[in-house]
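Colleague: Okay, here's the prediction I keep looking at, along with the sequence it came from:
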Amino acid sequence: MENALERRNRLIAEIAKKGCSVKEIQRFNTVVYVTSVRQIQRVLKHYGLSKKPRQESASCAIKQAIQNELEGPGSLVGYRGMWHKLKHSYQLTILHD
């Protein structure tokens with residue numbers, strides 16, 4: 001027999017699978033359950049769901065941008081500085097795996 005928490009968690013997971021944001025899930029859930037944003041995030045993590053999967057930029061584009069930066073005047077930046085430069089100047093997405 002399923003208890004109220006399990007029903008709530010299953011409902012959150014089903015709504016998330018349809019592509020709703022955490023705030024939308026919270027607004028929808030207030031009709032039946034009072035759920036915080038943090039609790040919804042915990043449930044989504046438990047079910048292995050996230051807001052949206054991020055796609056990493058093509059490795060050849062990343063390599064080319066890094067090469068350009070290393071040849072330029074800002075060649076002595078560290079990892080964090082390089083990541084920031086790639087993200088904002090080149091609009092590249094690099095995952096932190």
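Modeller: Ah, there it is. Numbering: from 1, shown residues only.

Colleague: Count the residues that sit near R8.
Modeller: Neighbours of R8 under the rule other CB atoms under 10 Å: 18. No exception for glycine: its C-beta is placed from N, CA and C like everyone else's.

Colleague: make that I12, sorry
Modeller: 27.

Colleague: so who does it touch?
Modeller: By CB atoms under 8 Å, 6 or more residues apart in numbering, the residues touching I12 are 25, 29, 35, 40, 43-44.

Colleague: Most widely separated two among these?
Modeller: Farthest-apart pair in the contacts of I12 is N29 and L44; separation 12.5 Å (CB to CB).

Colleague: Of those two, which one has the most company?
Modeller: Ranked by neighbour count (other CB under 10 Å), N29 and L44 place L44 first, with 20 against 17.

Colleague: What is the three-state secondary structure of that one?
Modeller: What DSSP: H, G, I helix; E, B strand; the rest coil gives for L44 is helix.

Colleague: How is this protein partitioned into domains?
Modeller: 4-46, 59-89 (automatic domain parsing).

Colleague: what stretches of the protein score poorly on pLDDT?
Modeller: 1-2, 51-55, 96-97 (pLDDT under 70).

Colleague: related to what we said a few turns ago, make JSON lines from the contacts of I12 and add distance to Q67 to it.
Modeller: Shown next, in JSON lines, are those (distance: CB to CB, whole Å):
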{"residue": "I25", "distance to Q67": "43"}
{"residue": "N29", "distance to Q67": "48"}
{"residue": "T35", "distance to Q67": "48"}
{"residue": "I40", "distance to Q67": "42"}
{"residue": "V43", "distance to Q67": "43"}
{"residue": "L44", "distance to Q67": "38"}
